[in-house]
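J.: sequence first, then the predicted structure:
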Amino acid sequence: MKAGVLRPGLGYVCGVTAYDIALLGRFVVHVDGRPVPASAWRHTRAAELVKILALAHGHRLHCEQVMDLLWPDLAAEAAAANLRKAVHFARASLGVPAAISRSGGMLELCPDDDLSVDALAFEAAARAGHTSARGNSSPRIAMQHGRRNRANGCGRYTCGC
């Protein structure tokens, strides 16, 4: 069952899946508040694909970039075959086939859903604390600000909220 997500001006939007990805410390993914069991990530390249896309600008990368990152020593055909398998296993682990979309040569993580990544939230909080007036802010306050932005409908910390 998909959760509703609060979007500015729209209220709760049903049919949107909420993804929370923890990269700091142990890799954990929550889908609609439920953790994906560690046993679901038995294919390490599927987990690595999700991690790479989670950190990519806009959560999108060209397939060739992903293949270069995951299989730098393989020929293009072999790397492409491995990428198809990794995408399949990542979608299966997340439990939602649309969690990774492929359009043309681009892969995108959670294109139509609410996605939060702890490492990006931490980076935004650190940047906000670093650029604020001396003594007037802290990373903890900035992270709370980031949580408010998400509650107001901005699930992607790269959107400039």
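T.: Received, thanks.
J.: nearest to the spatial middle of the protein, which residue is it?
T.: A54 (3.4 Å; CA atoms, centre = their mean).
J.: assign it to helix, strand or coil.
T.: Of the three states, A54 takes helix according to DSSP: H, G, I helix; E, B strand; the rest coil.
J.: wait, what's in contact with it?
T.: Counting by CB atoms under 8 Å, 6 or more residues apart in numbering, A54 makes contact with 21, 23, 109, 115, 117, 119-120. Every C-beta, even on glycine, is put in place using the N, C-alpha and C of the backbone.
J.: do that again at 10 Å, thanks
T.: 19, 21-23, 27, 29, 109-110, 115-120 (CB atoms under 10 Å, 6 or more residues apart in numbering).
J.: what's the closest of those residues to L83?
T.: L109 (14.0 Å; CB to CB).
J.: and W41, how many neighbours does it have?
T.: Look at W41: counted by other CB atoms under 10 Å, it has 19 neighbours.
J.: also A75?
T.: A75 - counted by other CB under 10 Å - has 9 other residues nearby.
J.: cool, S116 as well?
T.: S116, neighbours per other CB under 10 Å, totals 22.
J.: that one: what secondary structure?
T.: Assignment for S116 (three-state DSSP): strand.
J.: do you know the pLDDT at it?
T.: pLDDT for S116: 92.
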